[in-house]
Every structure is written in C-alpha cells, then in structure tokens.
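Chemist: fold the following, please.
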Amino acid sequence: MAIMHNNPNSDFQSNSQTGFSAQANQYRLPALMLCFVFIFSVLAYGQAGAKKPVKEPLKRILFVVDASQSMWGQWEGKPKMEVAKLLLSRVIDSLERVPGTELALRLYGHQFTYPPGRCDDSKLEVPFGKKNHARIKAVLRNTNPRGTTPIAYSLEQAANDFEGMTDSRNMIILITDGLEECGGDPCAVSRALQKRGVALKPFVIGLGTGMNNQLDCIGTYFDAEDSDNFATALKTALNQVSKDLTTLTVELTDSKGLPSVTDVAMSIYEQEKKVLAYNFMHTMNEKGNPDTLFVDYQPVYNLELHTIPSLHLDNIRLEKTTHNTIKIPVSQGKIKLSTTNPMPFGKELYGLVRRCGEETILHVIQGGQTADYLTGCYDVEVLSMPRLLYEKIEVEENQLKQIQIPEPGVLVLQRRSPVKGDLFVEYNGRLVWIYSLDSESVTAESLVLLPGNYRLVFRAANAKRAAYTREAAFTIISGKTKKVKL
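Modeler: Residues are numbered from 1 along each chain as shown. Presented below is the predicted three-dimensional model:
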C-alpha cells in the first residue's frame, strides 16, 4: 500500500502538443569498408528488376590532403600524418573493389620546408584514372610533412583536376589539421567551385577541434577529435557521392513554433523493411540551427523521438535530391526529485513516473536528478519507506517542477533472538503495512524511514500462541535515529 500525498504546488498548466503517436579499437575501419563496397556496388548496377536500367554516372573523388609541417603533431600517440595515411589507405583499398569510381590525390605543404615555405606548394600527385589505388597509397606512404598551409590555392587548383569531366559526379574531400596560412580565402574559392558546377560541396575533415568557425564555410565540416571520428566522417562523406543527395533537418519546435528544442536522441526506421536505419542525437550547429542530416533516399521513413514519453512520426516521405525539413512540436518542462544529500547509509531514492491515471511506467527518476518531460500531467511514485505518491503534477514548458522529499530518519531495531513481525505507518487512523522484519536475524537492523508515526507488531519467532504478540509505537523525526528494542 502507498501513502498518498497530493502535491500542494501542482500549479503548472499543460501545453502538450498532440497529433503524434508522436563505439572501439584504434584506427578501425572494416565495417566502413563493407559499407562503402555495398553502397557503391548497388548504385553502380542500378535498381534490380528495372525494365530500363538507369546508367549511373561515374563517381570521381579527389582527396586533398594536408602535408604541412604541423601534421607532425601527435594524435593518439602517433603523428597526425601517420594516422591519416593509415585510415585513408584503408578506405582506398575498399574503394578499389567498387566499380564506376575513380580517385585522385592532391597534396599540399609537402614540397618546400617551412620556414619559409611556399604558398604555391600544392600538387596533383595522382590524377584521376582507373586502377590507380596502389599508386595513391605509395605516394601517401612516401610523403612527409614539410611546409605551410595554402588551402585556398589548393582548392583553386583542384578545379583543374576535374577539367573536362562533366559526365561524372565530382567530389572533394579536404583533410587538414590547420587553417589557411597564405592569406587566401578558401570559402570564396569553394563557392566559386560550386557555382561553376565543378564539384559537389566539399567535405572538410579537421584533425582536431576548434577550426569549425573558419572552415565550415568551405563545405560540410567535421571535427575529428580522434580516429573513430575521422573514420565516421570519411564514411559520411563517401556515402554522399554514392547516391542522390538527400538531406534532412528535424526542427523540434516549442509552443511558439520556434525550433529551439535540442539534445534529444532520434531513431529513423525504414518503413517498408521495418529496420533501424539511423540514430542521431539532435544537435544545433555552430550557427544555432538544427544540424543537417545526410540520409539515403527511401520512399518512406518512420521517426521516433526519444522524449519522455516518446513521440512517433510515421509515413515521412522525403524528396530526392533536395533538402527536406520536418517540424515536430516538442514542448518540454522539467521534474526534479530533491532529497537530502547525502542520504543515510548511502541509500538512493527513485521515483516511478507515469502519465496521470495511467499504469505504464514512463521513466524512473533518481533522487537529485532533473529530467525533461513533455508538457502535461504526471504522477510520481517515490520508492521511499513508506512510499509517497505525488499526483497530478502539471509540467509546464521551460519550467522546473521540484518534488521535495522530506528528510528521513533512521530506525535501529535491536534484538537478541529472531522475531516475526511487520512494520506499519499510522495514516489517517489506520495502519498501513510497509515492511516485514527479517525473521532470521539476531543482529541490529537499520531502516531509513520518512518522518511519521509508526507501529511494530511482532512476536518471538518460536512462539506458538498469538497471545505472545507485542507492539511498539514510536515516531521518526527527520535527521534523527530512533532505537527500538524487540
């Protein structure tokens, strides 16, 4: 049985929106390789069973790699250049088995030593061609960082690397650990490349952090804090050249319709196959807008938003080769379960959170924890002794509802022989059971109890008559210890 307490501060109004049933070894890449091979292969051969197979355009990928002297810097215990060589070589190995794909390699900062270095230190070391994978890997293997960082000049020269190649899907992947050092404007050069239709919007992988504000204007930017992030960035970039570009922004809107809600996990499922396709943590980009997601084109997706409770949006139809925006109303407030800190004996309290009047447990909140919930009405059952039920807690948007648990006291039961008995709390003139004594113990037993009036009903474990029943009434006071001899 539970002790029922209505919260006297239940002053929130519900603004809930309806309408919706709403990981690693160092330098690992084998799973990514298989993914690249599969994606490129399927798209190269076209859709199975089509009467008139559509000829896929040739895919050309230019790797522009920083070989300036800063690439000697340590990254996971090795020079950045060595890590980049290893991961990039593994990707090139995987792409060798993919039909309809050609690669090229441009290096910069590798010919002239810094200082002083030269701002025209950029060269197409391996031009596009068939079966040139081994040559690219050999050039990478024999490259040592030396010079400065002419990013703008290298991108400008990259236009010549694609000269005359209008029958292909062209892509640039820039890998760097530093910023422009020659006074050029990489952002302006990138815009010009895209405007001329030379290549898709470049992908930029920054080996390290803190460069996004200067480099994200070049193209889609990734911070590679470690080798796993680098591998993921390569996968994402390579996926884009293998298919029709389909991008998606999920706007989580507040009650005013503004896309201000974020930091929520999302799962995207392919509706027809009923399989999980993507997991994303909703994120705001550097400009404060919901981040762009790159997804494979599928006729229909289902989306699950892992709020409390979760929201489901089904039958999402994306437009191919365009940018799609989905808006989901997500009005949230917070609940905090406040307890004394620390609790006696290191005990932790937990609360079971349910929608008002419903049996399904939505969430288990820990004492001291604050959690986000969709706006609306909730019941919280605190697993204290005795249990507390806070009913009809109205969660309002951007507001904190704090549940303050009374500071408990401690009951110490002292005995010389085993007893059988139960502990009750006196509530509204009745005894409400809360605990059965340990009938095997002959040592002291300590219980953490909320303040209130209690009664023990017990007898010796070996007694054969009910007449030997005894009672002990006592009061628990917050922060105090009560000893009872049995």
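
Chemist: so which helix or strand takes in Pro85?
Modeler: Rather than Pro, residue 85 is Lys. Per DSSP states H and E: Lys85 is located in helix 80-95.

Chemist: ok, then the element right after that helix?
Modeler: The next secondary structure element downstream of helix 80-95 (using DSSP H and E) turns out to be strand 101-108.

Chemist: could you list the paired strands of that next one along with their orientation?
Modeler: On the basis of DSSP bridges, the sheet neighbours of strand 101-108 come out as strand 58-66 (parallel), strand 122-129 (antiparallel).

Chemist: most neighbours per residue, which of those strands?
Modeler: Mean neighbour count, computed with mean count of other CB atoms under 10 Å, is highest for strand 58-66 among those, reaching a mean of 23. C-betas here are computed from N, CA, C, even on glycine.

Chemist: lowest mean pLDDT across the strands paired with strand 101-108, which one is that?
Modeler: Comparing mean pLDDT across the strands paired with strand 101-108, the lowest value falls on strand 58-66: a mean of 90.

Chemist: helix or strand right after it?
Modeler: Toward the C-terminus, strand 58-66 is succeeded by strand 74-75 as the next helix or strand (DSSP H and E).

Chemist: how far does that following strand sit from the chain's center?
Modeler: Strand 74-75 sits 26 Å away from the centroid of its parent chain (CA atoms, centre = their mean, to the nearest Å).

Chemist: make residue 1 into 422 and carry on from there
Modeler: Will do, 422 is the new start, and the previous item becomes strand 495-496.

Chemist: contacts for that strand?
Modeler: Counting contacts by CB atoms under 8 Å, 6 or more residues apart in numbering, the residues outside strand 495-496 that touch it are 501, 504, 628-629, 647-648.

Chemist: buried subset of these, written for ChimeraX?
Modeler: Entered in ChimeraX, the line below selects the buried ones among the contacts of strand 495-496, by 16 or more other CB atoms under 10 Å:
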select :501,504,628,629,648
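
Chemist: the residue positioned nearest the centre of the chain bridge partners, please.
Modeler: The centre of the chain sits closest to Met702, judged by CA atoms, centre = their mean, with a distance of 3.5 Å. Applying DSSP bridges to Met702 gives these bridge partners: Ala686.

Chemist: thought it was touching Asp684?
Modeler: Yes: taking contact to mean CB atoms under 8 Å, the distance of 7.1 Å between Met702 and Asp684 places them in contact.

Chemist: for the stretch 672-821 of the chain, which spans come out with low pLDDT?
Modeler: Applying pLDDT under 70 to the stretch 672-821 of the chain picks out residues 717-718, 742-743.

Chemist: can you give me the strands for it?
Modeler: Per DSSP state E, counting those that start in this stretch, the stretch 672-821 of the chain carries strands over the ranges 686-691, 696-702, 714-715, 722-726, 732-737, 744-750, 753-759, 771-776, 782-787, 791-795, 797-803, 809-816, 821-825.
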